[in-house]
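Colleague: Have a look; sequence and predicted model below, questions after that.
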Amino acid sequence: MGKSGVRRRTQRDEVLLGWSQETGTTLEDLDEGQKWVVFAGLSVVEAVGASRPLKRVVSFFLSQSKMDLPNKTVGAVVGVSDRAVQTTRHLEPRELVECITQSNHGHRKPKLEAHHAGPIAKFLVENPGSEVSHLLSFIQSELEIDIKRHTLGRYLKRYGLGCLRDHELKDAPLFADTPAMEDRSS
């Protein structure tokens, strides 16, 4: 390795040491290639400054680098949570561009919106006591929206359509005076 290679490696090691002490990230878990990619990411983040959209792009590139960087490490590089990195990691490039250009301050547009409450309420009236899996299948087939059980539970609670308990929909107060209560045990 020439002088410039040794100089670059020394610079990398100094930057990574300072970064690891600042963020509490351990460098021992990273191999040489990962260290170079993290160093490059830190350099780019320093260059883009406080620009959150560009940091999100850096997060996307680091996540897609095929270097098996943990979400926690990528998050420490760009200054976000590992959950935010996981969300970015699963975006398609087109979706990433949409998120950046149509930013709504860190929150994705909800998949289920207020106008979906009508068809869901109709399903609940026509299928009393139906299982959660049947409601999720209805939403997938009729509304063409793929959601998880947890998201469905929050939506039902928000619009007073019931709550989820185990595998069933309970307390669907479509015509009751009391609002639905979310069951935390499920």
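Modeller: In hand now; what should we look at?
Colleague: what residues are up against V15?
Modeller: Counting by CB atoms under 8 Å, 6 or more residues apart in numbering, V15 touches 39, 42-43. In this view, the C-beta of every residue, glycine as well, is placed from N, C-alpha and C.
Colleague: Out of these, which comes closest to I120?
Modeller: Nearest to I120 out of those is L42 (CB to CB; 46.1 Å).
Colleague: That closest one contacts V77, correct?
Modeller: Yes: checked against CB atoms under 8 Å, the pair L42 and V77 is within contact range at 5.8 Å.
Colleague: among the contacts of V15, which are in helices?
Modeller: Among the contacts of V15, the members found in helices (DSSP state H) are 39, 42-43.
Colleague: Just name the closest of those to D82, please.
Modeller: Nearest member of the ones in helices among the contacts of V15 to D82, counting by CB to CB, is L42, at 16.8 Å.
Colleague: roughly how far apart are that closest one and I139?
Modeller: Distance, L42 to I139, by CB to CB, to the nearest Å: 42 Å.
Colleague: now swap in F123 and tell me
Modeller: Applying CB to CB, the value for F123 to I139 is 8 Å.
Colleague: are any of the ones in helices among the contacts of V15 buried, and which?
Modeller: By neighbour count, with 16 or more other CB atoms under 10 Å, those hold 39, 42 as buried.
Colleague: Can you add distance to S133 and give the ones in helices among the contacts of V15 back as TSV?
Modeller: Listed next are these as TSV, based on distance: CB to CB, whole Å:
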residue	distance to S133
F39	47
L42	45
S43	48
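Colleague: Lowest average confidence across helices and strands of this protein, where is it?
Modeller: strand 168-170 (a mean of 70; mean pLDDT, DSSP states H and E).
Colleague: can you tell me the helix or strand for the residue nearest to the spatial centre of the chain?
Modeller: The chain has T87 as the residue nearest its centroid, 2.6 Å off, counting by CA atoms, centre = their mean. T87 belongs to helix 82-89 when elements are defined using DSSP states H and E.
Colleague: From the chain's centroid, how far away is that helix?
Modeller: 5 Å (CA atoms, centre = their mean, to the nearest Å).
Colleague: Stretch 39-49 too?
Modeller: On CA atoms, centre = their mean, the centre of stretch 39-49 falls 22 Å from the chain's centre.
Colleague: what is the mean pLDDT for that stretch?
Modeller: Mean pLDDT, stretch 39-49: 93.
Colleague: got the contact list for it?
Modeller: Stretch 39-49 is contacted by residues 12, 15-16, 19, 54-55, 58, 61-62, 74, 77-79 when judged by CB under 8 Å, 6+ apart.
Colleague: What subset of those residues is buried?
Modeller: 12, 15-16, 19, 54-55, 58, 61-62, 74, 77-78.
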